[in-house]
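A.B. asks: Sharing a model that was predicted from the sequence below.
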There are 2 protein chains.
Amino acid sequence: MANPSSAEQPANSFTSDIFDVESLAVPDGTETVLRGGRHLFPLLPRAFAGIRRIGVIGWGSQGRAQACNLRDSLAGTGIEVAVGLRPGSASCADARAHGFRTEDGTSGDWLDVVASSDLVILLIADAALAAHHQEVFAALRPGATIGLSHGFLLGHLDANGGSFPAGHPVIAVCPKGMGDSVRRLYVQGAEVNGAGINSSFAVHADPDGHAVDRALAWSVALGSPYTFRTTLRSEYLSDIVGERAVLLGAVHGMVESLHRRFLLEGDDAVTAYRRSCETVTGPIARTISREGLLAVRENLDTAGRDTFDRAYSATYGPARDLIAEIYDEVADGTELRSVILAEQRLATRDMTPIGGSGMWRAGEQVRAERASYAQAADPFTAGVFVATMTAQTDEFATRGHPWSEIVNESVIEAVDSLLPYMHARDVAYMVDNCSRTARLGARRWGPRFQAAYEQICFPAAQAAPDPALVEAFRTHRVHPALASASRLRPTVDISVA
Amino acid sequence: MANPSSAEQPANSFTSDIFDVESLAVPDGTETVLRGGRHLFPLLPRAFAGIRRIGVIGWGSQGRAQACNLRDSLAGTGIEVAVGLRPGSASCADARAHGFRTEDGTSGDWLDVVASSDLVILLIADAALAAHHQEVFAALRPGATIGLSHGFLLGHLDANGGSFPAGHPVIAVCPKGMGDSVRRLYVQGAEVNGAGINSSFAVHADPDGHAVDRALAWSVALGSPYTFRTTLRSEYLSDIVGERAVLLGAVHGMVESLHRRFLLEGDDAVTAYRRSCETVTGPIARTISREGLLAVRENLDTAGRDTFDRAYSATYGPARDLIAEIYDEVADGTELRSVILAEQRLATRDMTPIGGSGMWRAGEQVRAERASYAQAADPFTAGVFVATMTAQTDEFATRGHPWSEIVNESVIEAVDSLLPYMHARDVAYMVDNCSRTARLGARRWGPRFQAAYEQICFPAAQAAPDPALVEAFRTHRVHPALASASRLRPTVDISVA
């Protein structure tokens, strides 16, 4: 179970009767992918054959984004998109403001929408899904397709000896970015065709033989620049591990530890913020997005490269150890247990926010003064960040994930979805505006990264770089894999409101 | 299982045919206890009736201390104490240096010693016990007593559907302090009768009806000032949670966060060390040991009390939340899973030490200069520490632990066993010289405490104190409970070499 390649080899190749797929070169061979774009929208009705109504259940950021994108992409096709909300949901007003109304049947009670839809996309919170999936299953039309956007429910069913109901197709389309960016880039896609968030898809049950095309249609309608295949298990593992590591948890622990390091070296709060948080969310994210991981190092001068190499050498091992630990606990189910236990404790009170630490007070000034100085990457911060990102790609490769999943979950989702939002707000704010499962995971593991950086990596960074580690990074197979994936999508910077 | 009182009410009362027990007043009524001392050693042969040979399996700090104390207490009685080691064990030489030799049969192969002993005390590492307990069970003499010093093996058997072999008494005697202090205070007990580390005992199986007296004899022979009754389950929960919280994990996270706080306020490294680590391991530990928890606050001046109250008010809630989280995960078995997973990952390499952070460099100078300045408790540090300790006592009380277990596992073990050793070395050093289960737990939870202090408590401590929380502390039922327990043992400061 720890290694998806041993238990359930992801079938990375697929064919389609509707869409023209293509082959992507990756380190271990090739993967089949579907390149997206608005020019494919006319194919959606045929790919969605038999689907007259799509029910999106839940109105978190992912529910809102997917409901809006699907509706807009399917406008004029006769396929209706409806939003299902729990009675008395605080989200009714926002759904109405986005055009989903009870009067015309595009908004309604969640179980009514489940019962009236041919494709039911379950986007309620993980804990709610764990508690209420049986009611959903019981309300389904015969043969209705169950749609998921990540593998949490499979993990929960496995851990509790449950299963999906027989006779229903079960598919997943999993955007590799948070809901707000799924919507924002889709809107930008009206001007730059193909702008969007890449998605993986998985077919868990295919009783009618149309699951692949239905999943591809869903992904194209969301605006995915390209779509690759995985399994629910592989998606679940990489998704839950990734958000606990380089996507959220590690970034939070990293900027907390780096900010204090720079303060203790004598920087004022604003300079320390620029060298830590601002470096990560600004120049590093932009460089990786446009030029790749290697460019972060290559754009530095000689002294900068030495600092980068020392930080990289000291960070890679401890970061890899922690990511392996996270992976083991997610694969074992202990991480999922911790989420369930936390939700029980938090049933009657809110999670305490984590944005109180002193560093965030400098953020507003730094953001306000951006125009007035040249943003350059601090080389120490760059080494710590790139080592952590590389450690995650290596751990995922060792565990047998498809390369599209590796680069999307470790690199692209970070630099093209999360970090731009963290740049506009701040890291702690963004952590506390993700899913509850992600928030709980970041609380659990962010401090572990902080402690490892402070207690193990920073002291070790006083030593000379490890030439073998640096060379392994310079010649790493992630660089061509990332370049291949990047060629499948237009270069577009997300415009964060 | 989360609450020992619901699943398995600890029978805190007991009777003895051999020893005179007494009654201890505690908040919820009374508990039966046995006061120890060397004057009871003549009773040991009768209490150990049927035991001609005691095998101590394992030579960690607990194994060494128990083997030496048992041998010394039983000298001249004809009851032999032997040490069982694995073939090729690196500990053979140390055991020999302490007088356990293969020539006279007091040292031998671990399974041979198991097979030749009437009481088999299992003190090998938790992971080894998890892997090899079946071999031990298979080697036991008919009717031999299984002795444990904490409940880990029960947790492991429960999690894996196993059980202890039928027909064997199963007892536990659990010193509430690390092995080095069990030995050190026992030696000091030659001059101050009754000096030692308190122990709990539990009877898990009693087929011959002599289990209680056998456990009491074991505890008296270890030098326990007083012995109280618990269950293996209750002991396991409080032991594993306590070391992850105020005994090790919380202390480490606390001094790391406080040291940096004081540095950022402008202190030099030595002053910051004195106000953080030195305050905790020195004046706070001594004051609590001699005068109780309340005295830490009462010994401060008015301004100091206000600082204490602000720190206490800001810390209590987040610390309690974290301890509840730890408790849930230990009770659920996820914490035990994490230990097993970590041991699998660490099979081929060592744990990275945590003593690299900058703060420990100041420790040597601070220790060297102790004679030259008056050690006073920093009031902010005192508030943070006492709030965390009180939060643990409250969480344990809510979960239904006996009060002797609460005060020993939350207060006495800290101030009379661990903190004096941390004062002589440092906190990170001591964490990394505890059991592997404790080291792994401190790594897992120490950073969580650090992050909670930095991100939640310290910012909140700028606000005025919460009068209700301060009053609850001033009138807390832990104070008389701790005073009752303290009257049962002589006032003796452990002398750390």
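C.D. replies: Here it is on my side, so go on. Residues are numbered from 1 along each chain as shown, chains lettered A, B, ... in the order given.
A.B. asks: Surely A:Gly282 is in a helix?
C.D. replies: Yes - membership of A:Gly282 in a helix is supported by DSSP: H, G, I helix; E, B strand; the rest coil.
A.B. asks: ok, it to chain B distance?
C.D. replies: As for A:Gly282, its distance to chain B is 23 Å (criterion: Cβ to the nearest Cβ, to the nearest Å). Placement of C-beta: from N, CA and C, glycine included.
A.B. asks: Just give me the neighbour total for that residue.
C.D. replies: The burial count assigned to A:Gly282 is 21, neighbours taken as other Cβ atoms under 10 Å in any protein chain shown.
A.B. asks: Which helix or which strand is home to the one residue in the stretch 251-400 of chain A that gets nearest to chain B?
C.D. replies: With Cβ to the nearest Cβ as the measure, A:Gly356 is the residue of the stretch 251-400 of chain A nearest to chain B, at 3.8 Å. Taking DSSP states H and E as the definition, A:Gly356 sits outside all helices and strands.
A.B. asks: Burial check on it, number of neighbours?
C.D. replies: Number of residues near A:Gly356 (other Cβ under 10 Å) recorded here: 17.
A.B. asks: Check A:Gly76 too.
C.D. replies: By the criterion of other Cβ under 10 Å, A:Gly76 has 7 neighbours.
A.B. asks: residue farthest from the centroid of chain A?
C.D. replies: Within chain A, A:Gly266 marks the point farthest from the mean C-alpha position, 35.8 Å out by Cα atoms, centre = their mean.
A.B. asks: Contacts only, for the residue of the stretch 251-400 of chain A closest to chain B.
C.D. replies: Shown here is A:Gly356, whose contacts under the criterion Cβ atoms under 8 Å, 6 or more residues apart in numbering or on different chains are B:455-456, B:458-460.
A.B. asks: Neighbour-wise, give me the winner out of those residues.
C.D. replies: By neighbour count, taken as other Cβ under 10 Å, the most surrounded of the contacts of A:Gly356 turns out to be B:Gln455 (28 neighbours).
A.B. asks: gap between the longest helix along chain A and the chain center?
C.D. replies: What stands out as the longest helix in chain A, according to DSSP state H, is helix A:302-332. What separates the centre of helix A:302-332 from the centre of its chain is 20 Å, taken as Cα atoms, centre = their mean, to the nearest Å.
A.B. asks: Equivalent analysis for stretch A:82-97, please.
C.D. replies: 25 Å.
A.B. asks: before we move on, what about stretch A:457-467?
C.D. replies: Relative to the chain's own centre, stretch A:457-467 is displaced by 31 Å; criterion: Cα atoms, centre = their mean.
A.B. asks: domains for chain A, by residue range?
C.D. replies: Domain assignment for chain A by automatic domain parsing gives A:10-228, A:241-486.
A.B. asks: can you list these in a markdown table and add mean pLDDT and distance to B:Ala472?
C.D. replies: Conversion of the domains of chain A to a markdown table gives the following (pLDDT from 0 to 100; distance: least, Cβ to Cβ, whole Å):
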| stretch | mean pLDDT | distance to B:Ala472 |
| --- | --- | --- |
| domain A:10-228 | 94 | 32 |
| domain A:241-486 | 94 | 18 |
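A.B. asks: can I get the ones you listed in TSV with distance to B:Val136?
C.D. replies: Converted to TSV, the domains of chain A look like this (distance: least, Cβ to Cβ, whole Å):
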stretch	distance to B:Val136
domain A:10-228	32
domain A:241-486	26
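A.B. asks: I'd like to know which elements the longest helix of chain A is packed against.
C.D. replies: Where contact means 3 or more Cβ pairs under 8 Å, 6 or more residues apart in numbering or on different chains; DSSP states H and E, helix A:302-332 is packed against helix A:232-244, helix A:293-298, helix A:334-345, helix A:379-398, helix A:436-452, helix A:458-460, helix A:467-474, helix B:334-345.
A.B. asks: Out of the ones you listed, which gets nearest to B:Gly155?
C.D. replies: The minimum distance between B:Gly155 and those falls on helix B:334-345, with 5.4 Å, by Cβ to Cβ.
A.B. asks: name the helices or strands packed onto that closest one?
C.D. replies: Helix B:334-345 is packed against helix A:302-332, helix A:334-345, helix B:126-139, helix B:152-159, helix B:232-244, helix B:302-332, helix B:436-452, with contacts defined by 3+ Cβ pairs under 8 Å, 6+ apart.
A.B. asks: show me what contacts whatever residue of the stretch 101-250 of chain A ends up closest to chain B?
C.D. replies: When Cβ to the nearest Cβ is the measure, the stretch 101-250 of chain A has its nearest residue to chain B at A:Gly249, with 10.9 Å between them. With contacts defined as Cβ under 8 Å, 6+ apart, the neighbours of A:Gly249 are A:243, A:431, A:441-442, A:444-446, A:448-449.
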